[in-house]
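# Pasting the sequence and the predicted coordinates here, then a few questions.
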Amino acid sequence: MRTDSMPLDEDRGGLPDYVKQQIRDALTRMSEVPGFKQRRSQRVMIAEIAKTLAGEYAATERVICVEGPTGTGKSLGYLLATIPVAKHRRQRLVISTATVALQEQLMNKDLPSVRERAGLEFTYALAKGRRRYVCDRNLEQLVGNDQQQDLDLGPEAFDPGQATWRFKPEPSDIETVRAMWDARERGTWDGDLDAWERLPREELKQALTTDRAGCTGNACPFRERCAFFAATEARNECDVIVANHALVMTDLVSGGGVVLPTPDETIYVFDEGHHLPLVAIDQGAARTHLTGALNSFKLLTTIPESIRKAVPDKPELHQLMSEFESAFKAELALLKARVTELAELIRSAHPATRNVAPDDDSQELAKELSVWRFERGVVPQPLRELFEAARIEADAVLRLALKLVEKIKETIENGSNGTIPNMALSSAQLIAARLEAMRDTFWLFAQEVTRSPGDPPYARWIEAIGEGENFECCANPTSAASLLREVLWSQCKGAVITSATLAALGRFDRLFSEMGLGPEYGTQAIRLASPFDYRRNAELVIPAMRSNPKDANQHTAEIIERCNSGLIDLSEGTLMLFASYKQMRDVFRGLAPHIASRVLMQGEAPRHELLKLHRRRIEAGEGSVLFGVASFAEGVDLPGAFCTHVIIAKLFFAVPDSPIERTRSEWLESLGRNPFVEISVPDASFKLIQACGRLLRTETDKGRVTVLDRRLADTGYGRQMLEALPPFTRNIERARRRAA
């Protein structure tokens, strides 16, 4: 890890001189913009990114992690470094974010500014998934038209009695569908739902759109005017594409090049990059309902009959559909038998079916019992054997479903188009996707070992739904490292991972472990200096607390006492963060009425509404207090008077209660390692740095951070976390009682 760098003019090769000069000139032009302030940390960032992507540090995997505190100008830094390099190498640049707010900032502010003022020529576009565009095929079905008929845009064409609705539409739904169809037919709307005057409600949105499994692609009669494909094709001509982590990972896991450019022609920037491992873990998950899935598969046996009715003049096709129908009935019967046997064994052993919660006091126990988790992810042998048998049957049905999909596509390509064949194709594809998920889930449960001995295991658990009437089988990787190495780092032409906080305890070890990166792969890592004067403008206070945070009741009582005795100043902007919703609500209930009346609490309204009201109060000269949990600390920007005091009730140690976290912890313990040291402390340090980062948002901000947890000063791991914080002026009161 480095904290400094040679300037670009001292490079010893890697990039042609004209590219280096282009980067320098771009920075010079941006420096001439009124209000722009050059910072050494930003120049260091630009230089290090350019040299990494040029292959000066590693010839193959060209990946750099850049921690850039608030105020270092990260967005401009990576844009000025990556755009010239990507264009020189004839590669695409994909910038991925974790939030819509940052996407909007890039699309509406940063990218237009750089293109206009930095002298760089490039095109850019926003990438969105299928669910952000209307599906014309689905829209036609909701309207009630058949695309082979003459389309009449008069009122009678929108008779809902002719339409295919899967739910009872509201009058406003029918009006929306009518208006959308009219706009699509007249060419006055491109099908982007975000550009529609008013977003449809969620149930209607699901009906209007489709996903990859439901999309019939080239077989769709609306392929030529498809909003999603039109946007994808136009976007693929652009130099810079703005996306989000979920879309990037979905595309990569699907093989790459489905929605975004293939990784072997792409340089990636992952802004807010610390979110990427969690997104990747979700992409590696497999889950399926047992009896619920079987019910949906019955539709497979009805699809051949639909095709026979839709195409009455092809006897050979009728014969083939009859054969499919018979095969499906036979194979589904075998699959149902295996799944029934599997469900019976699960029901006999599942904690939820052996322990019934008798009253409301046992709700928490019932919730815990609903999840049957396998220690270290190891499934008992008898259960594994049944999962393997069920996998074989699911795979047999899947193969038939995929053959049916191909046969329906051939039927459509041979001219038998229309509503019924397209609906049949969409349904068959959706069911095939569910069968694939079932097969993959069963396969993961049937495996004794799914990774090499040195890799973290899969977490496996079975959740009871209802009172044991149905079960959901879930398999989830406990680490994204292997997946990210396989589909991303080993494939892409280069990557920049950046965020205000990446390091934990001052090191990148935890990030590297979660990302599948490290010095052994040539990964570069750099922490940029903050432009803020922490010692002069900010104070860190650790009061002499009497209570031990491990005693929740005593700790909460002391926090209430301090809040009511002057800790909260009602004349200023305060942000108070808690480690749990329970403590947050308990403290709120204990506040004096005049203080409670000034509190805006997370969960009572959407975040943006709470922040808007908080700002309005401060602008009016009133005090305001925001209450939130750790998640509220990220992405909240309250500069100046909007936040002059951050209060942290308790260090953010997460309880490893999810099946994924518990499985990972058990695996570490089985290797003689300490999950608290390797996971809990670094993660808590990371969250603490994020929380403290809410205080100073500009170079002129001032304020204080108060931590009501003595462990930060009185324990060895706490002092490690303390040293990893920015260099605030410290005011650590003498402890009244040593915290354990």
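Done, it's in.
# can you map out the strands along the stretch 201-350 of the chain?
Counting by DSSP state E, counting those that start in this stretch, the stretch 201-350 of the chain has strands at residues 240-244, 266-271, 286-289.
# Export these as TSV, with columns for distance to residue 299.
Quick note: C-beta positions are derived from backbone N, CA and C, even for glycine. Formatted as TSV, these follow (distance: least, CB to CB, whole Å):
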stretch	distance to residue 299
strand 240-244	33
strand 266-271	38
strand 286-289	15
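# With residue 88 as the reference, name the closest of those.
Among the strands of the stretch 201-350 of the chain, the nearest to residue 88 by CB to CB is strand 266-271 (10.8 Å).
# which neighbours does the closest one have in its sheet, and in what orientation?
With DSSP bridges as the test, strand 266-271 is paired with strand 92-97 (parallel), strand 494-499 (parallel).
# Out of those, which gets nearest to residue 77?
Nearest to residue 77 among the strands paired with strand 266-271 is strand 494-499; the distance by CB to CB comes to 8.2 Å.
# Could you give the separation of whichever helix or strand comes after that closest one from the chain centroid?
Toward the C-terminus, strand 494-499 is succeeded by helix 509-515 as the next helix or strand (DSSP states H and E). Put simply, helix 509-515 sits 18 Å off its chain's centre (CA atoms, centre = their mean, to the nearest Å).
# who does helix 509-515 touch, helix- and strand-wise?
The helices and strands touching helix 509-515, judged by 3 or more CB pairs under 8 Å, 6 or more residues apart in numbering; DSSP states H and E, are helix 276-283, helix 481-484, helix 681-692.
# Can you identify each of the strands in the stretch 351-500 of the chain by residue range?
Counting by DSSP E, counting those that start in this stretch, the strands of the stretch 351-500 of the chain are 371-373, 458-465, 470-477, 494-499.
# of all those, which lies closest to residue 554?
Set against residue 554 and scored by CB to CB, those come closest in strand 371-373, at 31.1 Å.
# Outside of the closest one itself, list whatever touches it.
346, 349-352, 459-464, 659, 662-663 (CB atoms under 8 Å, 6 or more residues apart in numbering).
# quick one on the thing from earlier: I'd like the helices and strands packed on helix 509-515 laid out as CSV, including mean neighbour count.
Below are these laid out as CSV (neighbours: other CB atoms under 10 Å):
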stretch, mean neighbour count
helix 276-283, 20
helix 481-484, 20
helix 681-692, 23
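# Same list (the ones you listed) but as CSV, adding distance to residue 655 and mean pLDDT.
CSV is the format used below for the helices and strands packed on helix 509-515 (distance: least, CB to CB, whole Å; pLDDT from 0 to 100):
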stretch, distance to residue 655, mean pLDDT
helix 276-283, 17, 93
helix 481-484, 23, 93
helix 681-692, 11, 94
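# Quick one: closest of the ones you listed to residue 57.
Nearest to residue 57 among the helices and strands packed on helix 509-515 is helix 481-484 (19.4 Å), distances taken as CB to CB.
# hang on, the earlier thing: using neighbour counts, give me the buried entries of the contacts of strand 371-373.
346, 350-352, 459-464, 659, 662-663 (16 or more other CB atoms under 10 Å).
# contacting residues around residue 515?
Residues counted as contacts of residue 515 (CB under 8 Å, 6+ apart) are 276-277, 480-481, 484, 489, 497.
# Pick the one among the residues you listed closest to residue 72.
Once CB to CB is applied, the member of those that ends up nearest residue 72 is residue 497, at 15.0 Å.
# Is the closest one bridged to anything, and to what?
Going by DSSP bridges, residue 497 forms beta bridges with residue 65, residue 270.
# Quick check: closest non-adjacent residue to residue 84.
Excluding its sequence neighbours, the residue lying closest to residue 84 (CB to CB, 6 or more residues apart in numbering) is residue 22, at 4.7 Å.
# Quick check: that neighbour vs residue 479, distance?
Note on residue 22: its distance to residue 479, by CB to CB, to the nearest Å, is 39 Å.
# Go through the strands paired with strand 266-271 and name the closest to residue 426.
Closest to residue 426 of these, according to CB to CB: strand 92-97, at 29.2 Å.
# Hey, what's the angle from that closest one to helix 276-283? Just curious.
90 degrees (axes from the mean of the first three to the mean of the last three CA atoms, to 10 degrees).
# if we can go back for a sec, pick out whichever of the contacts of strand 371-373 sits closest to residue 336.
residue 346 (15.3 Å).
# quick one: contacts for that closest one?
Shown in contact with residue 346 (CB under 8 Å, 6+ apart): 290, 372, 383, 462, 471.
# Please work out which of the strands of the stretch 201-350 of the chain is packed deepest.
Stretch with highest mean neighbour count among the strands of the stretch 201-350 of the chain: strand 266-271 (a mean of 25; mean count of other CB atoms under 10 Å).
# Other residues contacting that strand?
The set of residues external to strand 266-271 that reach it, using CB under 8 Å, 6+ apart, is 53, 74-75, 78, 82, 85-86, 89, 91-98, 102, 245, 248, 260, 276, 488, 492-499.
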